[in-house]
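Asker: Need a 3D model of the following:
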Amino acid sequence: AKIALEESCKKILKKQDTTIIKLFDISINLIGYKAFCVQLNKIKNNKELKKLVEANFYPVKIEASEEKTLFTGYIELEIKGRLEFSQSDAPNAIPIYERPNNLITIDLGLFNDQLKNKKITGLIKNNKFIPASTREQIEKLNIYKDNIIAYIDDPARAYFLHIQGSGTIKLPSGKNISVGYDGDNGYEYFSIGRKLIEDGTILKENMSMQSITNWMQKNKKEAALLRYHNKRFIFFKERIGVTGPVGASGVIVTPMHSAAIDNNFLPYHLPLWVDVQNFYTDRINQKHSNFFLAQDTGGAIKGRTRIDLFLGKGAYPEKIAGRLNSKGSLWAFIPK
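Answerer: Here you go, the predicted structure:
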């Protein structure tokens, strides 16, 4: 937890003392948070950290009458790919792309107070601002062939790279390249998992990233058509000289201590305490409680009590993230 806190403190300490952040009807004064950050580098163990948090923050339970607290998980996906297309070694490989230069995101709140927190994404073309291309158009028409970063061997795994937002691509040479989220085409996220349940293709109790991947691998044509239902398309950038994925808040996310939140409701760098009812895949109703920092967001993360936990990378975190869809409880730590 200290590593995640140190990342957020880098941002908090740069803000002005007079900065006020709103959490619903609570005004958060950053002077208290800054005082905590100054003391953080003196902490040597978890016991000291616990005392420091208790001395500088007070807990507030976050609830929403219209919705339940829901926890999911995301990871840095490990995936096979290549820099050049190979018909013999990976005939079904599909590319991932850098963000196009003419893709623009506009904060509408800058133009109209009634549109605060509303954004729109599109393309500048012939001096006009038009909607960006959909997933189907991008994949079928090869629009961004000059922006290809790499080819991902398995289209199903490539799709989940879009969902997870960051990954490590293992090349045939044994070298790895890391990529992270660098924007999207502005369309709303569509859950293909929910569609598979509605169609009766996969039972709700069997739904997971792994079950969707298996179905896609066995039904390649149907899977391509299903993916097109999700018009949202992610663009990436190669991560060089950075030790881990960078969250939307601008800090490196920490496994088991960083969370993606809806920034329309929860401010970045807000410390959270989570109680997840059913966390592990191999133990029924195994609870998990831990300290997290609000350091990221995501297209599917909507609502004040919708939380996506960053679990790291590797086979076991991927197994947990693939099935995690649990109710629970959520608290925020407010600087005194």
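Asker: So for stretch 139-152, first residue to last residue, what's the gap.
Answerer: Stretch 139-152 has its terminal residues 13 Å apart, counting by CA to CA, to the nearest Å.
Asker: What segments of this structure are helices?
Answerer: Along the chain, the segments classed as helices by DSSP state H run 2-12, 30-40, 46-56, 135-141, 155-164, 192-198, 209-218, 220-229, 315-323.
Asker: most neighbours per residue, which of those?
Answerer: helix 155-164 (a mean of 22; mean count of other CB atoms under 10 Å). From N, CA and C alone the C-beta is placed, and that goes for glycine too.
Asker: That one packs against which elements?
Answerer: strand 77-82, strand 94-97, helix 209-218, helix 220-229 (3 or more CB pairs under 8 Å, 6 or more residues apart in numbering; DSSP states H and E).
Asker: Partner strands of the first one, with direction?
Answerer: Strand 77-82 has its sheet partners listed here by DSSP bridges as strand 148-152 (antiparallel), strand 166-170 (parallel).
Asker: Buried residues in the first one, which are they?
Answerer: When burial is assessed from 16 or more other CB atoms under 10 Å, strand 148-152 yields the following buried residues: 148-152.
Asker: which residues are in contact with that strand?
Answerer: 79-86, 90, 93-98, 158, 161, 169, 171, 177, 179, 236-238 (CB atoms under 8 Å, 6 or more residues apart in numbering).
Asker: go on, stretch 159-176?
Answerer: Against stretch 159-176 from outside (CB under 8 Å, 6+ apart): 74-83, 89, 96, 150, 152, 177-181, 209, 212-213, 216, 227, 232-234, 239, 245, 298, 313.
Asker: Restrict it to CA atoms and write it as PDB.
Answerer: Provided in PDB are the C-alpha atoms of stretch 159-176 (Å, rounded to 0.1, in the frame of the first residue of the first chain):
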ATOM      1  CA  TYR A 159      -9.800  -8.200 -27.800                       C
ATOM      2  CA  PHE A 160      -9.100  -8.600 -24.100                       C
ATOM      3  CA  LEU A 161      -6.000  -6.500 -24.400                       C
ATOM      4  CA  HIS A 162      -8.500  -3.800 -25.400                       C
ATOM      5  CA  ILE A 163     -10.600  -4.600 -22.300                       C
ATOM      6  CA  GLN A 164      -7.700  -4.600 -19.900                       C
ATOM      7  CA  GLY A 165      -6.000  -1.500 -21.400                       C
ATOM      8  CA  SER A 166      -2.400  -2.600 -20.900                       C
ATOM      9  CA  GLY A 167      -0.300  -5.600 -21.600                       C
ATOM     10  CA  THR A 168       3.100  -7.200 -22.200                       C
ATOM     11  CA  ILE A 169       3.600  -8.600 -25.700                       C
ATOM     12  CA  LYS A 170       6.000 -11.600 -26.000                       C
ATOM     13  CA  LEU A 171       7.700 -11.600 -29.400                       C
ATOM     14  CA  PRO A 172       9.100 -14.700 -31.100                       C
ATOM     15  CA  SER A 173      12.600 -13.400 -30.400                       C
ATOM     16  CA  GLY A 174      11.900 -13.700 -26.700                       C
ATOM     17  CA  LYS A 175      11.900  -9.900 -26.200                       C
ATOM     18  CA  ASN A 176       8.900  -8.300 -24.600                       C
END
